[in-house]
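In: Curious how this folds, go ahead:
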Amino acid sequence: MKVAAKPITIRDVARAAAVGVGTVSRVLNGGAHVSRATTERVEAAIRRLGFRPNAQARRMLRRHSEIVCFLLSNRDFPHTFHARILQGVENYARSIRQHVIFAAVHYGAEVSPDRIHLPPILQERGMVDGLLLAGTIYPNFLHRIQEMEIPFVAFGNNVMEYEGPRNFDQVSYDGYPGEVEAVRYTIGQGHRLIAFGGDTTYPWMRVRHEAYLAVMREHKLNPIAFTAPRPVSNLEYGDWLAGRVLARRPRPTAVIAGNDEVAFGVWRTLRRRGLRVPEDISLVGFDDREEAMLMDPPLTTVRVRKEEIGQACMRMLLERLHHPTMPYSERLLATELVVRDTVKKL
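Out: Alright, predicted model coming up:
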C-alpha cells in the first residue's frame, strides 16, 4: 500500500532556510522587515521543497480576503467597453496578487434600496474586501452599498442622476474635451451641416451633446440634434438616427454619433440604402471600441482608455482599503480623438 507523502509545512521551510517560522511568515506576507538575502533564502527553500502556503490561513492572518468584486450594474455579461475596464482591473490585480471576481446585479431605478437583490457573494459580510462598480449605476444602489459599509469605487461616468455631494470614490473619463476635438475636426474638414445623435437621458451622452452644441455655437453653425430617448439598443438607435438624418432637408454631410455602437448602426443603415461612408455622409463615433476597426472604412472616433480606467479603479480601491479615513476623490482621465477614414474633406 502506497503511503501518502507528508505535506510540507511552514516549519519545514523554516528549518531548510535556517530561519524562524515568523520570518517565513513575513516573507509570505510581503517581506516587510526581512533582508533581501534572507528573503531569497526562504524563497529558494519554498521552491526546493515545493511548499504551497495555505491561502485561507494567510487571509485570516491578514484579516482581509484579498478578494475584490467587479460588480456590473444593470447590464448583461460585459460588452467590449466594460470587458476592457475589467481587463485593466485584472491586470493590475494580478501584478499585486489580488483576486478579482465578477458579479452582476439587476434592479430598477425606483426600487427601494433595501429591496435590491444582491449577488450571494455580497450577502455574507467579509467575503470581499471591496467593490468596483460599473454598468448603469442608479442612486438607490449606491445608497444600498453605502449602508453596508463596504469600501467601493464607482466608474463615475455611469452614475445616473445622483443628487448631492458624491461621498464616494470614483474614476471617470473626461468626455467633453474629446467630443469638442471631434466636432472641431469635422468642421475643419469643411462640414457645416453636422448632426449629433444620442439618447441624452444618459448623463454621459448629455455631456457629449453639450460639447457638440458649444462647438457649433463657437463656429456660428446651426445644431442638428436627434436626442430623443428610445427603448432600444445603441445599434438600433443608430438605425433610427440614420433614418432621421436621411429624411432631413438639407441633408447633413456628417454625423457625430453618441458612441461607436450608435455609429455602427448608422453605418449599417447607410450601406443598406446604398450610401457610402464617407463619400456620401461622414461619420464620427465615441469610445474607440474594437468594432471601430472592423468597420469599412475604420471609424474616426474618440478614444477612451478603458484599461487605464480599470487600473485606476483598482489602485484607488486599494488606497481606500489602506487609508479608510482619507477624503473621497475623483480621478479624471483624458480622452483623445483618433482620426481614421470616415470623415471626408469637403
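In: tell me the centre residue of this structure?
Out: Ile85 (3.5 Å; CA atoms, centre = their mean).
In: pretty sure it belongs to a strand, no?
Out: No - assessed with DSSP: H, G, I helix; E, B strand; the rest coil, Ile85 is helix; it does not lie in a strand.
In: what's the helix or strand for the closest residue to it other than its chain neighbours?
Out: Leaving aside its sequence neighbours, Ile85 sits nearest to Gly310 (CB to CB, 6 or more residues apart in numbering; 4.3 Å). Every residue, glycine included, has its C-beta placed from N, CA and C. Here Gly310, judged by DSSP states H and E, is contained in helix 306-322.
In: per-residue confidence averaged over that helix?
Out: Averaging pLDDT along helix 306-322 gives 93.
In: and if you look at stretch 80-96?
Out: 90.
In: can you give me the helices in this protein?
Out: Per DSSP state H, the chain carries helices over the ranges 10-17, 21-28, 36-49, 55-62, 80-95, 120-123, 139-148, 175-188, 203-218, 234-247, 260-272, 291-294, 306-322.
In: report the angle between the axes of the second one and helix 36-49?
Out: Angular relation of helix 21-28 and helix 36-49 on a 0 to 180 degree scale: 90 degrees, by axes from the mean of the first three to the mean of the last three CA atoms, to 10 degrees.
In: Can you spell out which helices and strands pack onto helix 21-28?
Out: helix 10-17, helix 36-49 (3 or more CB pairs under 8 Å, 6 or more residues apart in numbering; DSSP states H and E).
In: Export those to TSV and append columns for mean pLDDT, distance to Gly258 and mean neighbour count.
Out: Below are those laid out as TSV (pLDDT from 0 to 100; distance: least, CB to CB, whole Å; neighbours: other CB atoms under 10 Å):
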stretch	mean pLDDT	distance to Gly258	mean neighbour count
helix 10-17	86	57	18
helix 36-49	84	52	15
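In: where does this structure have its least confident helix or strand?
Out: Ranking every helix and strand in the chain by mean pLDDT, DSSP states H and E puts helix 55-62 at the bottom, with a mean of 46.
In: got the end-to-end distance for stretch 292-311?
Out: 23 Å (CA to CA, to the nearest Å).
In: Buried residues in it, which are they?
Out: 292, 295, 299-311 (16 or more other CB atoms under 10 Å).
In: can you list the weak-confidence ranges in the chain?
Out: The model of the chain has pLDDT under 70 over residues 1-5, 29-32, 52-65, 77-78, 124-126.
In: can you rerun that using 80?
Out: 1-8, 10, 21, 24-33, 47, 50-66, 76-79, 96-97, 121-127, 163-165 (pLDDT under 80).
In: Show me it divided up by domain.
Out: 10-62, 67-172+307-331, 175-304 (automatic domain parsing).
In: related to what we said a few turns ago, and the helix holding Gly310 with helix 80-95, angle?
Out: Computed by the same axes, to 10 degrees, the angle between helix 306-322 and helix 80-95 is 50 degrees.
In: ok, and what's touching helix 306-322?
Out: 64, 68, 81, 84-93, 96, 98, 129-132, 151-153, 155, 169, 171, 173, 326, 329, 331, 333 (CB atoms under 8 Å, 6 or more residues apart in numbering).
In: I'd like to know which of these are buried.
Out: The buried subset of those - by 16+ other CB under 10 Å - is 68, 81, 84-90, 92-93, 98, 129-132, 151-153, 155, 169, 171, 173, 331, 333.
In: how about the helices and strands packed on helix 21-28 in TSV, adding distance to Leu275?
Out: Listed next are the helices and strands packed on helix 21-28 as TSV, based on distance: least, CB to CB, whole Å:
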stretch	distance to Leu275
helix 10-17	70
helix 36-49	64
